[in-house]
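*Asks:* Fold the following.
(one chain, ligands or ions: 3)
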Amino acid sequence: MQESVKVLDHPVIKHKISILRDINTGSTEFRSIIKEISIILAYEATKDLDLEEFELETPVATTTGYRISGKKLGIVPILRAGLGMVDGVLEVLPAAKIGHIGMYRDEETLQPVEYYSKLPNDVENRDIMVVDPMLATGGSACDAIGRLKEKGCKDIKLLSIIAAPEGVKKLHEEHPDVEIFIAQLDEGLNENSYIVPGLGDAGDRLFGTK
Ligand SMILES: O=P(O)(O)OC[C@H]1O[C@H](OP(=O)(O)OP(=O)(O)O)[C@H](O)[C@@H]1O
Ligand SMILES: O=c1cc[nH]c(=O)[nH]1
Ligand SMILES: [Mg+2]
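*Replies:* Ligands and ions are numbered 1, 2, ... in the order given. Model prediction:
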């Protein structure tokens with residue numbers, strides 16, 4: 001896999017992904033694990049943030065402290081399922097602004113259909129993390145990222161829980177500048193373009209709609 005895909009490789013993540021995959025896992029536990037993994041993905045995706053030094057007093061000594069500096073950040077969930085990742089990323093980056101892009105995959109054509117968009121006014125000045133638990137064909141993520149680029153965004157990362165190689169390939173082809181952070185790379189897509197083995201429909205499992 002190319003260098004611009006970072007896969008979390010950790011026994012605890014593998015354990016938690018298995019709970020997500022399990023058909024018997026209910027929405028409460030599903031939501032909680034999506035949030036937990038999103039926190040870890042957010043740490044990975046922010047390894048390159050700039051820091052500035054400052055002097056601070058501990059109860060024992062004067063030392064050098066560090067604070068995040070540089071460009072402001074934005075989190076953009078792709079509705080609905082992306083909403084499940086927002087709280088986790090916000091735990092790591094509480095000052096980030098949040099934009100929303102609503103998209104669903106047409107069940108016949110499998111093409112993404114946009115139905116909502118509300119982004120921060122200064123979105124073009126922010127480093128953006130697009131969040132969506134599932135990267136399947138890659139159509140939804142590619143369109144959402146294309147929309148953000150139209151608005152002037154230059155530094156965009158994608159955070160997903162599970163990806164199919166087909167989605168990663170499409171994203172690389174259409175947006176080679178976008179780094180991808182995932183918790184798990186799966187085998188591929190089935191005839192309905194669902195990720196195999198996957199976890200089913202992330203939106204339905206998060207929100208209990210099926
Ligand atoms: O890579 P793709 O082939 O485009 O598929 C992935 C998309 O499908 C799911 O959303 P869905 O259309 O089910 O909408 P939902 O979040 O409202 O359930 C998922 O959350 C992604 O947005
Ligand atoms: O496996 C998949 C594919 C698309 N969307 C999902 O929620 N799951
Ligand atoms: Mg869905």
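*Asks:* what about L51, how many residues close to it?
*Replies:* 11 (other Cβ atoms under 10 Å). Any C-beta I mention is one placed from the backbone N, CA and C, and that applies to glycine too.
*Asks:* Could you look up the SS state of R31?
*Replies:* helix (DSSP: H, G, I helix; E, B strand; the rest coil).
*Asks:* swap in L159?
*Replies:* Three-state assignment for L159 (three-state DSSP): strand.
*Asks:* Contact partners for the residue nearest to D106 when sequence neighbours are not counted?
*Replies:* With sequence-adjacent residues excluded and distances taken as Cβ to Cβ, 6 or more residues apart in numbering, D106 is closest to V113, at 5.5 Å. Neighbour list for V113: 103-106 [criterion: Cβ atoms under 8 Å, 6 or more residues apart in numbering].
*Asks:* And for S69?
*Replies:* S69 sits in contact with 50-52, where contact means Cβ under 8 Å, 6+ apart.
*Asks:* Looking at these, which is nearest ligand 3?
*Replies:* Lowest distance from ligand 3 to the contacts of S69 (Cβ to the ion) belongs to D50, with 36.1 Å.
*Asks:* number of nearby residues for the residue nearest to that closest one when sequence neighbours are not counted?
*Replies:* Closest residue in space to D50, ignoring its immediate chain neighbours: G70 at 3.6 Å, by Cβ to Cβ, 6+ apart. Per other Cβ under 10 Å, the neighbour tally for G70 reads 11.
*Asks:* Just the pLDDT at G70, thanks.
*Replies:* Note for G70: predicted pLDDT of 82.
*Asks:* hang on, the earlier thing: show me what the residue nearest to D106 bridges to in the sheet.
*Replies:* Taking DSSP bridges as the rule, V113 bridges to Y104.
*Asks:* where's it relative to G152, distance?
*Replies:* Relative to G152, V113 is positioned 24 Å away (Cβ to Cβ, to the nearest Å).
*Asks:* now I40
*Replies:* 30 Å.
*Asks:* Contacts only, for the residue of the chain found nearest ligand 1.
*Replies:* For the chain, the residue closest to ligand 1 is G203, as judged by Cβ to the nearest ligand atom, at 2.3 Å. G203 makes contact with 80-81, 209, according to Cβ under 8 Å, 6+ apart.
*Asks:* my guess is it is in a strand, correct?
*Replies:* No. Read with three-state DSSP, G203 is helix and lies in no strand.
*Asks:* What score does it have for pLDDT?
*Replies:* We have a pLDDT of 97 for G203.
*Asks:* Also A96?
*Replies:* 97.
*Asks:* Now restrict the contacts of V113 to buried residues only.
*Replies:* 103, 105 (16 or more other Cβ atoms under 10 Å).
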